[in-house]
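Colleague: coords please:
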Amino acid sequence: VIAPAVLAPSPLPSAGAPALDNLDVQVVSSAVWAGGPSPVILALSGPAGRLDDTSVRPTVQLTASDGTPVGSPVQAVPVQPAGLTDVSYVATMSIPSPGPWSLAVTAAPGVMALHGTASLTALDQGGSARIGSAAPTIRSPTIDDMTGDGMTDDVMPGDVMQITTDPMPDLRLYRTSTGDALAGHLPFVLVFDSAKFRVTSACGKALTMARFLLDRWTTVTFIHVEPFRYAVVTDTPVLDGTLADPQLTDVAAAWGIGADPWGPRSMPWVFVVDSAGIVRAKYEGVMGTDDIDVIVALVTQGGS
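Modeller: So this is what the prediction gives:
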């Protein structure tokens, strides 16, 4: 369940009805980015507990550290992923620069409006594929590239060793290329991660998360791409270069994940792309399943 893409504005409290400062605001997003329309996932709670009302349209104002408003307030979209009782509120914020910022949030679940604040740190997008921009058109490798016959039902895990270091790969992650998804106007989740070549403690965990979400979002395309170049020697993937200085694949380089300020060892990365081919969200390093779950619900059911 998700609110329609076009929402009627919720009126702000009148001067005669001040908002009560008893709204608890939690920023759920594990990554919020400066320099683009970055989604900020919020969990809101009032005196009666968590707000799980899809009719509530919170108003979110970005403020500087001294409380000065920055830009115009935006209206958050309520999102309730299928099968969940929790409702999240997603505000798409244009944050001018990286660093610490604050949010002032007003919500009216009843007659009286509630007010609360929260802090967040906006990250520098650097050279990575930018939120709100068209996704890179480079094509990721698929099972068919390995077999050459279009027959993917009887592929064995070893057949895809040249495109994944996962010893027990979920072949659904390698059936569709990014180019095919873009051409077919399919929303997709792109995961750059490595099961074998782990340059951070988070490596491998995004791939595990993708396996879980595959079963949850059966109509959404999930694509895994190895970020680093390697060769298969006998039956073992051997890294080009070293873990201290790994060499990116062409696909990883095209998505800009090795660019400053992050560098090629900033793994893993996850990008969420909508049916129009626009990058709607991205995450680096440690990320939560709730992040992807909410954003996928947003982009697949018409949220904007």
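Colleague: can we go C-alpha only for contacts and neighbour counts from here?
Modeller: OK.
Colleague: pLDDT-wise, which helix or strand of this protein ranks last?
Modeller: Sorted by mean pLDDT, DSSP states H and E, the helices and strands of the chain end with helix 143-147, the least confident at a mean of 84.
Colleague: Centre of the chain to the strand or helix carrying residue 280, how far?
Modeller: Per DSSP states H and E: residue 280 is located in strand 279-284. Remark: strand 279-284 is offset 4 Å from the chain centroid, using Cα atoms, centre = their mean, to the nearest Å.
Colleague: now do stretch 278-296
Modeller: 2 Å.
Colleague: quick one: buried residues of that stretch?
Modeller: For stretch 278-296, burial by neighbour count (16 or more other Cα atoms under 10 Å) applies to 278-287, 291-296.
Colleague: Now the very next helix or strand once past the least confident helix or strand of the chain: average pLDDT?
Modeller: Counting by DSSP H and E, the element after helix 143-147 in chain order, helix or strand, is helix 178-183. Helix 178-183 carries an average pLDDT of 97.
Colleague: i'd like the first residue to be 817 from this point on
Modeller: Yep, numbering from 817; the last one is helix 994-999 now.
Colleague: Please save the CA atoms from helix 994-999 in PDB.
Modeller: What follows is helix 994-999 as a C-alpha-only set of coordinates in PDB (Å, rounded to 0.1, in the frame of the first residue of the first chain):
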ATOM      1  CA  THR A 994      21.300  -3.600 -16.500                       C
ATOM      2  CA  GLY A 995      21.100  -2.700 -20.200                       C
ATOM      3  CA  ASP A 996      18.100  -5.100 -20.600                       C
ATOM      4  CA  ALA A 997      16.400  -3.700 -17.600                       C
ATOM      5  CA  LEU A 998      16.800  -0.100 -18.800                       C
ATOM      6  CA  ALA A 999      15.600  -1.000 -22.300                       C
END
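Colleague: quick one, whichever helix or strand comes after it and strand 1095-1100 angle?
Modeller: Once the chain leaves helix 994-999, the next helix or strand it forms, by DSSP H and E, is strand 1004-1008. Here strand 1004-1008 runs at an angle of 30 degrees relative to strand 1095-1100 (axes from the mean of the first three to the mean of the last three Cα atoms, to 10 degrees).
Colleague: Which of the three states applies to residue 954?
Modeller: coil (DSSP: H, G, I helix; E, B strand; the rest coil).
Colleague: what sits against it?
Modeller: Contacts for residue 954 (Cα atoms under 8 Å, 6 or more residues apart in numbering) come out as 994, 995, 1067, 1070.
Colleague: JSON lines for the residues you listed, including neighbour count and distance to residue 870?
Modeller: Formatted as JSON lines, those follow (neighbours: other Cα atoms under 10 Å; distance: Cα to Cα, whole Å):
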{"residue": "994", "neighbour count": "30", "distance to residue 870": "33"}
{"residue": "995", "neighbour count": "16", "distance to residue 870": "35"}
{"residue": "1067", "neighbour count": "21", "distance to residue 870": "39"}
{"residue": "1070", "neighbour count": "19", "distance to residue 870": "38"}
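Colleague: Okay then, goodbye and thanks.
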